[in-house]
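[1] this is a predicted model, with the sequence first.
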Amino acid sequence: MDTSRHDLTTLFEQLGLAADEASIAQFIVDHSPIPGDVLLWEASFWNESQARFLKQGIEEDSDWAEIIDHLDAWLRG
């Protein structure tokens, strides 16, 4: 059983991004809004590995899916 945390900080760490509160807030400001017709993992600012992780997280309804959904909402402003 996976007992690791699945929050915004750990998601950013998993994506290889700076995960402190200020960096996360700046990332959201810098990359918002994602157009409504673009899926989160299709946004141009993700690298291939990041996009694959986000897509799999949603498609497989993994433990990450809920926080990925939250990130998607925040990036849509």
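    Yes, it's here. Owing to the predicted nature of the structure, the values given are computational and were not obtained by experimental measurement. Numbers count the residues shown, from 1 in each chain.
[2] any low-confidence regions in this protein?
    Along the chain, the model assigns pLDDT under 70 to residues 1-3.
[3] now the element after the helix or strand where residue 22 lies, going C-ward?
    Assigned by DSSP states H and E, residue 22 belongs to helix 21-31. Per DSSP H and E, the first helix or strand lying C-terminal to helix 21-31 is helix 48-59.
[4] which strands and helices sit next to that next one?
    helix 65-75 (3 or more CB pairs under 8 Å, 6 or more residues apart in numbering; DSSP states H and E). The way it works is simple: take the backbone N, C-alpha and C, and place the C-beta from them, glycine included.
[5] would you mark the buried spots in the helix it packs on?
    65, 67, 68, 71, 72, 74, 75 (16 or more other CB atoms under 10 Å).
[6] can you name every helix or strand that the helix holding residue 22 contacts?
    Short answer (3+ CB pairs under 8 Å, 6+ apart): helix 21-31 packs on helix 8-14, helix 65-75.
[7] got CSV for those, with distance to residue 49 too?
    Below are the helices and strands packed on helix 21-31 laid out as CSV (distance: least, CB to CB, whole Å):
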stretch, distance to residue 49
helix 8-14, 10
helix 65-75, 15
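[8] which one of the ones you listed lies closest to residue 30?
    With CB to CB, the closest approach to residue 30 among the helices and strands packed on helix 21-31 belongs to helix 65-75: 10.0 Å.
[9] same for that closest one, what does it pack against?
    helix 8-14, helix 21-31, helix 48-59.
[10] who's in contact with residue 57?
    By CB atoms under 8 Å, 6 or more residues apart in numbering, residue 57 lies in contact with 64, 65, 68.
[11] could you dump these to TSV with distance to residue 20?
    As requested, those are exported to TSV (distance: CB to CB, whole Å):
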residue	distance to residue 20
64	20
65	24
68	20
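[12] just those residues now: which is nearest residue 53?
    residue 64 (7.9 Å).
[13] the closest one and residue 5, how far apart?
    11 Å (CB to CB, to the nearest Å).
[14] kind regards, and thank you for your time.
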